[in-house]
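Q: Take a look and give me a structure for this.
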Amino acid sequence: MNAAIIVAAGRGERMHSEKNKIFLPLLGVPVIVHTVRAFAESGLFEEIRVVCSEQNREEMREVLAQSGLGGVRLVIGGATRQASVRAGLLSLPETTELVAIHDGARPLVTEAVLSRSIGQAAEKESAVAAVPLKDTIKRADTDGRVLSTPDRSELYSIQTPQVFRFEQIRSAHEAFADRQTATDDAMLMEGQGMPVYLSEGDPENLKITTPEDLPVAEQILRKRGLKGMVKVETRVGHGYDVHRLVKDRDLILCGVKVPYELGLLGHSDADVAAHALMDAMLGAAALGDIGMHFPDTDEKYRGADSMVLLERVRDILEEAGWTLGNADLTIIAQRPKLRPFIEEMRSSLAGHLRTDRERISVKATTTEHLGFEGEGLGISAHAVVLIERKNACQ
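A: Numbers count the residues shown, from 1 in each chain. Okay, the predicted model is just below:
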């Protein structure tokens, strides 16, 4: 009997998200669902265990059930990856012959990689997915001085799945249970003097680790033709905001400090453009407005950085399954001239929204000296956004 342990008990701090990265949407479907579905649909495994934290157990159960994967058994993991894998191993029946250990944050694993790994492990008792390194590697000391250049032909980038004989990998984990040092399971096998063999991985089998990995993974899935497997719901939102110009305040627009003798008055940093954008995003998803989420009666938002608030709005939408399609902002101000800062504003917004700069438009216009903007009394901003929610077709 073949079994799979999918490790999803980590926090993923490098994603810089309040939400566990395994629940972030990838083409509208949580990362972990892509991963588990690849194993379930391969037909190669009689038992599948998803190892998660106690904190995430109920959300994991709900996410898998909603995706038709409710039959997958959950196991509570430990404080380290090594401890979590061991918990998964201890949950498997004694009749298990081969066990594949895989990162929950590797949603792009293919049936071909799984099949190769299982086939080789049946023959050689181990199979660790790997790809040859393409770049030259340097060893260096703490000062950055190069010590040596290893032969690249002997170096590989290690992935998962890693497949072993059940009794051997369980024995290796038991032997090193009190030494939580291994970065992968093959290290434990090596430490026991057991032979470890590499199998052909896939360059596209990337691990979702940083925000930049999500759009790359989405493009890979689209290239594979998964676009036709999702239905896309779109909504449009509009936001408007205005703030008075006063002395002794910085002028902050889209997170960029614009040199000017006046600044915008407000409870936070009064970034009028960012506020309009946040209202447009929240409005499109029918999730309220910034006054509801960040009231000006709350002292903790006094002088708040609107880019921090924008990131929170981004997370609120993602938690509801929405992603930003594109945004178009218009800033209305007679003075100062904003054209020199437009590109910096676009980059600032794109970075905080974790999206491509090409999806963000920022424009500035005057009112030909008409109205409060034209008289230099204040600045207003309009924002229009398109948001998308993608769901797997049943």
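
Q: Show me where this protein has its helices.
A: 31-42, 57-66, 81-90, 111-124, 166-175, 185-191, 213-223, 272-284, 290-293, 306-319, 342-353, 371-374 (DSSP state H).

Q: Out of the ones you listed, flag the one nearest Ile387.
A: With C-beta to C-beta as the criterion, Ile387 lies closest to helix 272-284 of those, at 4.7 Å. For every residue, glycine as well, the C-beta is placed using N, CA and C.

Q: and the closest one, what does it pack onto?
A: Under the contact criterion of 3 or more C-beta pairs under 8 Å, 6 or more residues apart in numbering; DSSP states H and E, helix 272-284 touches strand 230-246, strand 251-253, helix 290-293, helix 306-319, strand 323-332, helix 342-353, strand 378-392.

Q: Pull out the buried residues from the first one.
A: Neighbour counts over strand 230-246 (16 or more other C-beta atoms under 10 Å) mark Val230, Gly237, Gly239, Asp241, Val242, His243, Arg244, Leu245 as buried.

Q: Now do that strand: distance to the chain's middle.
A: 23 Å (C-alpha atoms, centre = their mean, to the nearest Å).

Q: Kindly report the same for the fourth one.
A: Using C-alpha atoms, centre = their mean, the distance from the centre of helix 306-319 to the centre of the chain it belongs to is 14 Å.

Q: again, but for the third one
A: Distance of helix 290-293 from the chain centroid (C-alpha atoms, centre = their mean) equals 25 Å.

Q: One more: the fifth one?
A: In this view, strand 323-332 has its centroid 22 Å away from the chain centroid, taken as C-alpha atoms, centre = their mean.

Q: Flag every buried residue along it.
A: Neighbour-count burial for strand 323-332 [16+ other C-beta under 10 Å]: Thr323, Leu324, Gly325, Ala327, Asp328, Leu329, Thr330, Ile331, Ile332.

Q: partners of the closest residue to the fourth one other than its chain neighbours in the sheet?
A: In this structure, Ala327 finds its nearest non-sequential neighbour in Val385, 4.6 Å apart by C-beta to C-beta, 6 or more residues apart in numbering. As for beta bridges, Val385 partners with Gly237, Ala327 under DSSP bridges.

Q: Could you do Leu264 as well?
A: What pairs with Leu264, by the bridge criterion (DSSP bridges), is Leu245.

Q: Test my guess that it contacts Val242.
A: No - contact criterion C-beta atoms under 8 Å: Leu264 and Val242 do not qualify, at 9.2 Å.

Q: List the beta-bridge partners for Leu98.
A: Asn2, Arg165.

Q: From Glu200, how far out is it?
A: Leu98 sits 17 Å away from Glu200, going by C-beta to C-beta, to the nearest Å.

Q: again with Pro107
A: Pro107 is 19 Å from Glu200, by C-beta to C-beta.

Q: And the pLDDT for Arg11?
A: With respect to pLDDT, Arg11 scores 69.

Q: An error on my part: the question was meant for Ala129.
A: So Ala129 comes in at 97 (pLDDT).

Q: cool, and Arg389?
A: pLDDT, Arg389: 80.

Q: For it, give me its contacts.
A: Gly28, Val232, Glu233, Thr234, Arg235, Ala320, Gly321, Trp322, Thr323 (C-beta atoms under 8 Å, 6 or more residues apart in numbering).

Q: Excluding chain neighbours, give the residue nearest to the fourth one in space.
A: Okay, so that is Thr234. Using C-beta to C-beta, 6+ apart, the closest residue to Thr234 is Glu388 (5.4 Å).

Q: Same question for the last one.
A: The shortest distance from Thr323 to any non-neighbouring residue, by C-beta to C-beta, 6+ apart, is to Glu388 (5.5 Å).

Q: count of neighbours near that neighbour?
A: Applying other C-beta atoms under 10 Å, we find 19 other residues in the vicinity of Glu388.
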